[in-house]
Structure formats: C-alpha cells, structure tokens
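Enquirer: next comes the sequence, and after it the predicted model I'd like to discuss.
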Amino acid sequence: MGYSECTGRIGGLPRRVGAAIMHGLATPPSPQKAVKMLEITVIPVEGYQRVCRGIDPESGLHAIIAVHNTVLGPALGGMRMWPYASEEEALTDVKRLSRGMTYKASCAGLNLGGGKSVIIGDPKNKSKEMFEAMGMFVESFQGSYITAEDVNTKVEDMAIVNTVTEYVVGLAGKSDNPSPKTAWGCYLGLKAAAEEKFGSPDLKGLTVALEGAGSVGRVYADLIAKEGGKIIAADIKEKAANRVAESTGGSVVSPDEIRSIDCDVYAPCALGGSVNDETIANLKARVICGAANNQLLRPEHGEKLRERGVLYAPDYVVNAGGLINVYHELVPGGYKEEAAMAQMDKIRQNLLQIFQLAREEGICTAVAADRFGEARVLTAMEQAKA
C-alpha cells in the first residue's frame, strides 16, 4: 500500500494528494482561519516507511511523526507530549512506539499499520496554536498516519487537531477516550497470564504492584480490586497513587520501591523501559502485565525474564484495547461499542496462544509475540509483491 509524501515548507493547509484510504473518519476540517508556516523535513530511518520532523516557530511546535509500516492499512497511533531532553531521545521513543503499533495492530487482527507522533515540550506549555500546527503536520501525511490522544494529550486537544485534519480518532461523541478500553484489555490480558502462571484466571488474592496511576492505571486497578486483587500503587504524582489506593483499598509506595516490592504481578502503566537489568535483578513478581508501551528496555530482557521464570505478557498484545476501540470508528457502519468489546475479548485468547508458542518453541514470550504479529505483516507484504 503506497502513499505519496509531501515535505518542505507548507503555507496553510497542505493540498491532499492521493486517494482516500478510509471512510467514516472525523468531520472534515473547517476552513483555514490563518496562514501558518510549518517546516517539515524528512528524517531518514532504515526500516521505516516515513519519519518526519515538524517545526512551527510561531506556536513553538517541535514534533516528530514516525510511520513504521502500512502494509496492513494506514498507520494509527497516539500523539504524546513529553519534555524529552533532546530530539535524539524523542526520535528513539517515537521509533520504538511506532514499531510497537505495527505489531499491536497485527496481533489484534486489525487492518492498520504502525505509527506514532511525539511533541517535544512541557505539557504545561500546550496551546491551541500548537495543536493547530500539529494538525497540519498530521495532514501532510495525507492519510497514511491517523492520530489519537496519548500521554499528556486529551480528547480536547484532538478536537483542535481535528479543525485542521480529518485524520483523528477517539473524538468526543464517537468512541471517546480510549483509556478505559485499554485498561479493560489489560485486565483480560492479566486473566490470561494468571491462568498460564498460576493455573487459574481468578485474580482474587493476587497482589499487583501498579506503577502509574493515570487514566489507564487507575481503571485497571479498579477492575483488579473488584475481583479481589490487592493493589500496591506508585506514581510520580503522589496524589494519583493515593486516589487509586483509596478507591481500591490498597496501599502506596514510592516509585523507587514499586519494582522490587513483594508481589505476584508487576503492572507497568507509566512510560516504557521499566523492565531493565536493575528491575529484573530485584523483581519479586512472577508475572509482568501492564499498559505501558515498550516495557522491555532492550530485546534481550525478554529472555532474561524467561530464565528467571517470570511470565511477561507482551505489552503490545495486552494494551491493544484502546487501539481496537478507536479502530471501530473506521469500519463500515461506524462505531459500535459492542462490536469493539467483542474484538477486545480476543486479547485473552491471543495471549494464551503466544504463551503456548513460547512453551513449545522454548523461546521467551516477547519473541513469540513478535512471530505472532509478523505472520500477518509478512503475508501481506508477499501478497503486495505478487
């Protein structure tokens, strides 16, 4: 599946080139209100379909959009905002995130590719003008990238983006905020992991160390607690952790303690890379199952977990609920919650198949998940060549 590219300096809305790829998206953008100058440059990255930098001096926007692969369909992935220390750090993050989205969509059986966008900056400095400029940046990909809310961006921010581009999902009045659905998928994934590791999908009596008490983590914690699980929460924002503890009858520890606390399950629900050499050496949990993307700092950490007898539920399989939910805005007939929820039920079955593959092949679950996801992508690539 090919898409034409546009790079360089854009004054006002870019002219769309190429055929429409989806129907039933958000309302078309409103007429241009003001001319903005957005500078877009290509960042060559081997193995990625398109990676670009977008800079708008007027609004202060400095962002990167990465499209990893679109062989299964247009790349869909959230727009996050984070105070990265450098553009290099942001580029590393967006590459890992967009690649993960390719595998996430494939494993979930969705006709989507992998993409992601990051805005470099402090979320306190958000502005309407910044998200308008970001909308222009998304629009420049001419439909090969569709965006949604993510870390430090909200549905309200996406509504601003939508005034400039139609390639936005998860808007109010449609599938809405995907976070509760992401949490639901994690809950289903945890039940699969519990069945595999402890012999039963019942979460009653399990102690779960939750790192990250944000919009996904707090709903995930509530679902676990309602089934009788015990929550130990940690967050860089202590008030958020306290709210989760209060709502679940759990307790709070510091972010420095959460990864080595005595527990059955470690649930990373903040930023990626939390499963690393230090974490693995001190980990007491027997299962890792959380909502964060890119939980393994490096690929070899999946094998290290296997060697220690820790069951890792691959993040891009577990946290696919939000993606599945917004995907259903794009299907013929429009969004229907019951159809989205039915497809989310497959998360549990997919994980059980991945765990079985890992057992039979003597490989770690991270590698098994990659093979599971690659199967659809490779088949589609072969068909495209034919």
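Expert: Arrived safely, thanks for sending. Numbers count the residues shown, from 1 in each chain.

Enquirer: what residues are up against the residue nearest the centre of the chain?
Expert: Central residue of the chain (CA atoms, centre = their mean): Asn293, 5.7 Å from the mean position. Listed by CB atoms under 8 Å, 6 or more residues apart in numbering, the contact set of Asn293 reads 96-97, 100, 272, 315-316, 319. The C-beta positions use only the backbone N, C-alpha and C, and glycine is treated the same way.

Enquirer: how does it look with 6 Å?
Expert: For Asn293, the contact set (CB atoms under 6 Å, 6 or more residues apart in numbering) comprises 97, 100, 272, 315.

Enquirer: measure Ala66 to Glu129 for me?
Expert: Going from Ala66 to Glu129 by CB to CB, to the nearest Å gives 23 Å.

Enquirer: that older thread, against Arg99, how distant is the residue nearest to the centre of the chain?
Expert: From Asn293 to Arg99 the distance is 10 Å (CB to CB).

Enquirer: likewise His301?
Expert: Taking CB to CB, one finds His301 at 16 Å from Arg99.

Enquirer: in a strand, the residue nearest to the centre of the chain, correct?
Expert: No. Asn293 is assigned coil when assessed by DSSP: H, G, I helix; E, B strand; the rest coil, not a strand.

Enquirer: got a pLDDT number for Pro178?
Expert: For Pro178, the model assigns a pLDDT of 85.

Enquirer: identify the residues contacting the closest residue to it other than its chain neighbours.
Expert: Spatial nearest neighbour of Pro178, chain neighbours left out: Gly322 (3.3 Å); criterion: CB to CB, 6 or more residues apart in numbering. The contact partners of Gly322, by CB under 6 Å, 6+ apart, come to 178, 181-182.

Enquirer: who has more neighbours, Ala66 and Glu129?
Expert: Between Ala66 and Glu129, counting by other CB atoms under 10 Å, Ala66 is the more crowded of the two (28 against 16).

Enquirer: tell me which element the more buried one falls in.
Expert: If you go by DSSP states H and E, Ala66 is part of strand 61-69.

Enquirer: neighbouring strands - and their directions - for that strand?
Expert: In its sheet, strand 61-69 lies beside strand 50-56 (antiparallel), strand 113-120 (antiparallel), with partners assigned from DSSP bridges.

Enquirer: would you list those strands in JSON lines and tack on mean pLDDT and distance to Gly362?
Expert: Below are the strands paired with strand 61-69 laid out as JSON lines (pLDDT from 0 to 100; distance: least, CB to CB, whole Å):
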{"stretch": "strand 50-56", "mean pLDDT": "97", "distance to Gly362": "36"}
{"stretch": "strand 113-120", "mean pLDDT": "98", "distance to Gly362": "28"}
